[in-house]
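Chemist: 3D, please:
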Amino acid sequence: MNFPPEYGPLAAVTPGTPGGLCTMLAEYGSMSLKEVLAPAMEMAALQALNILENFDLKSMGYNSANYIHTICQAMQYAFADRDFYYGDPYFPPEEPMKGLLSKDYAKTRAALINPKKNNPDIGPGDPYPYEGKINPYLDLLRQRGFSPKGNNKDTPGSATPKHDVSAYFKYRHETPGIDSAYMDRLWRGTTSVEAADEDGWVVSITPGGGWIPACIAGNTGVGMSQRMQSFVCDSTLDPFNVVAPGKRPRVTLTPTLALKDGKPYLSFAVQGGDTQDQNLLQFFLNVSEFGMTVQEAVEAANVNTDQLWLSLGSTTISDRAPRAGSILLNSETPPSVRKELIKKKDISRSIHQEHQALLMLYISTGNIKRFGVGAAIMEKIMA
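Modeler: Coordinates of the predicted model:
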């Protein structure tokens, strides 16, 4: 699959996937991130990093209220794009990937962030002009009550299909707190493998799917994937991710490599459904912005936002709908920070977690010359 030079160096094929998954390098400071493009979710982390480049994160202070607010907003803008524009690049319509990953597009998204208040109705933007095209979905976005320039109406469900607005409105005004079933769907099981060998190969792999209960493939003991649930049947929700024969759903898998001076520096990944990009983003920022060691970065407190469309679990719009004002905070977050986040309306309800497992590999030697990124999901293995 060919991409224009603006994408940077690309490894065209990821072993084990039909047709290959495309990967790309994105620059951030002195390092580069190598990640899988759509239908995997890593593009959301790259979009968020592009947005965050427009802020002085270090001066805000690690996990200060301003820092947490800013990274949550950046992730929410990236996820709003993910939830509308991501799908299988081998099926039409063609995703506006060049526009989504444009630094100039990221500047327009960053300009929408209000440093004093959370926007509960963030919706997808318009990346098409940043690849010289006209957005064919402008009418659809407007029908959903959203202006792609960012000045969307302050109405419930502005990024929700019209026929689901009532259910979304009911959730936002009547559903109390976060229940255990919701968190199970959010952290739905996956695993990760980070490895390097004596020949210089470095690999980051995130297998996901085939959870119990599952349909077992013959006598192999391998559970077939349930990832089909990440498709949509309603094209107004995501016209790029509508179920079709032979098509791959948008997945949450986020294997990542960081390069320094052109050589592998970090190999990292994490399980946790829609939280994967969020946790990996913060791990990377802990190292690149705050100079933490990899051990410190893994153990550091992080935050997750629930203002996104869930990729896994349930069958109702209210169960999967974005939950504005709901974030996960580490239990050690100071009361003063919590108070400020409540003031900014980042928090209307919150839950607490000590740590979430994150796997990483730090490459300290200079003789690593070959590397790869893989997103191994069960349906690809069975194909």
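Chemist: Next, count neighbours for Tyr90.
Modeler: Close neighbours of Tyr90, defined as other C-beta atoms under 10 Å, add up to 15. To be clear about C-beta, it is placed using only N, CA and C from the backbone, and glycine gets the same treatment.
Chemist: meant to ask about Leu312, not that
Modeler: Other residues close to Leu312 by other C-beta under 10 Å number 23.
Chemist: any idea whether it is helix, strand or coil?
Modeler: Using DSSP: H, G, I helix; E, B strand; the rest coil as the criterion, the local structure at Leu312 reads coil.
Chemist: got a pLDDT number for it?
Modeler: Looking at Leu312, its pLDDT reads 82.
Chemist: wait, it sits on Arg250?
Modeler: No - counting by C-beta atoms under 8 Å, no contact exists between Leu312 and Arg250, whose distance comes to 11.0 Å.
Chemist: which residues are common contacts for the two?
Modeler: Taking C-beta atoms under 8 Å, 6 or more residues apart in numbering as the contact rule, Leu312 and Arg250 both touch Ser230.
Chemist: just checking, what's the longest helix in the protein?
Modeler: As far as residue count goes, and with DSSP state H defining each element, the longest helix of the chain is helix 65-85.
Chemist: following that one, which helix or strand comes up?
Modeler: Sequence-wise, the next helix or strand beyond helix 65-85 is helix 97-100, with elements assigned using DSSP states H and E.
Chemist: which helices and strands sit right next to that next one?
Modeler: Helices and strands touching helix 97-100, as assessed by 3 or more C-beta pairs under 8 Å, 6 or more residues apart in numbering; DSSP states H and E, comprise helix 42-52.
Chemist: The helix it packs on: how far from the chain's middle?
Modeler: Taking the mean of its C-alpha atoms, helix 42-52 sits 8 Å from the chain's own mean (C-alpha atoms, centre = their mean, to the nearest Å).
Chemist: in this structure, which spans are strands?
Modeler: Ranges of strands within the chain are 23-28, 31-36, 193-196, 201-205, 256-260, 263-270, 304-305, 326-330, 349-353, 358-362, 370-374, based on DSSP state E.
Chemist: mean confidence score for stretch 113-127?
Modeler: Across stretch 113-127, pLDDT averages out at 95.
Chemist: same thing with stretch 144-164?
Modeler: Averaging the model's pLDDT scores along stretch 144-164 yields 54.
Chemist: ok, now stretch 90-106?
Modeler: Averaging pLDDT along stretch 90-106 gives 94.
Chemist: Likewise for stretch 48-65?
Modeler: Per-residue pLDDT values across stretch 48-65 average out to 97.
Chemist: Flag every buried residue along it.
Modeler: For stretch 48-65, burial by neighbour count (16 or more other C-beta atoms under 10 Å) applies to 48-55, 57, 60, 62-65.
Chemist: ok, which pair from those residues is furthest apart?
Modeler: Comparing all pairs in the buried residues of stretch 48-65 by C-beta to C-beta, the longest separation belongs to Asn50 and Ala65, at 23.1 Å.
Chemist: got the residue ranges for the helices in the stretch 151-300 of the chain?
Modeler: Residue ranges of the helices in the stretch 151-300 of the chain, as given by DSSP state H, counting those that start in this stretch, are 165-174, 180-186, 276-288, 294-299.
Chemist: And the last one, what's buried?
Modeler: With burial defined by 16+ other C-beta under 10 Å, the residues of helix 294-299 counted as buried are 294, 297-298.
Chemist: Turn these into TSV, columns for distance to Leu285 and pLDDT.
Modeler: Formatted as TSV, the buried residues of helix 294-299 follow (distance: C-beta to C-beta, whole Å; pLDDT from 0 to 100):
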residue	distance to Leu285	pLDDT
Val294	13	88
Ala297	9	91
Val298	13	88
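Chemist: ok, the residues you listed vs Pro124, which is closest?
Modeler: When the buried residues of helix 294-299 are compared for distance to Pro124 (C-beta to C-beta), Ala297 comes out closest, at 30.8 Å.
Chemist: Now do the contacts for the nearest residue to that closest one once chain neighbours are set aside.
Modeler: In this structure, Ala297 finds its nearest non-sequential neighbour in Asn286, 3.7 Å apart by C-beta to C-beta, 6 or more residues apart in numbering. Contacts of Asn286 were listed using C-beta under 8 Å, 6+ apart, and they are 62, 292, 296-297, 300.
Chemist: can we see that at 10 Å?
Modeler: With contact set as C-beta atoms under 10 Å, 6 or more residues apart in numbering, Asn286 has these partners: 62-63, 292-294, 296-302.
Chemist: same check, this time on Glu27
Modeler: Contacts here follow C-beta under 10 Å, 6+ apart; on that basis Glu27 touches 8, 33, 49-50, 53, 103, 259.
Chemist: likewise Val232?
Modeler: By C-beta under 10 Å, 6+ apart, the residues touching Val232 are 83, 87, 161, 238-243, 249-250, 309, 320.
Chemist: Among these, which one has the most neighbours?
Modeler: Asn241 (28 neighbours).
Chemist: Go ahead and confirm it touches Met228.
Modeler: No - with contact defined as C-beta atoms under 10 Å, Asn241 does not count as touching Met228 (11.3 Å).
Chemist: what touches both of these two?
Modeler: Overlap of the contact sets of Asn241 and Met228 (by C-beta under 10 Å, 6+ apart) consists of 247-249.
Chemist: Give me the buried positions along the longest helix of the chain.
Modeler: For helix 65-85, the neighbour count (16+ other C-beta under 10 Å) marks 65-85 as buried.
Chemist: Just flag the most distant two among the contacts of Glu27.
Modeler: With distances taken as C-beta to C-beta, the most widely separated pair in the contacts of Glu27 is Lys103 and Leu259, at 18.5 Å.
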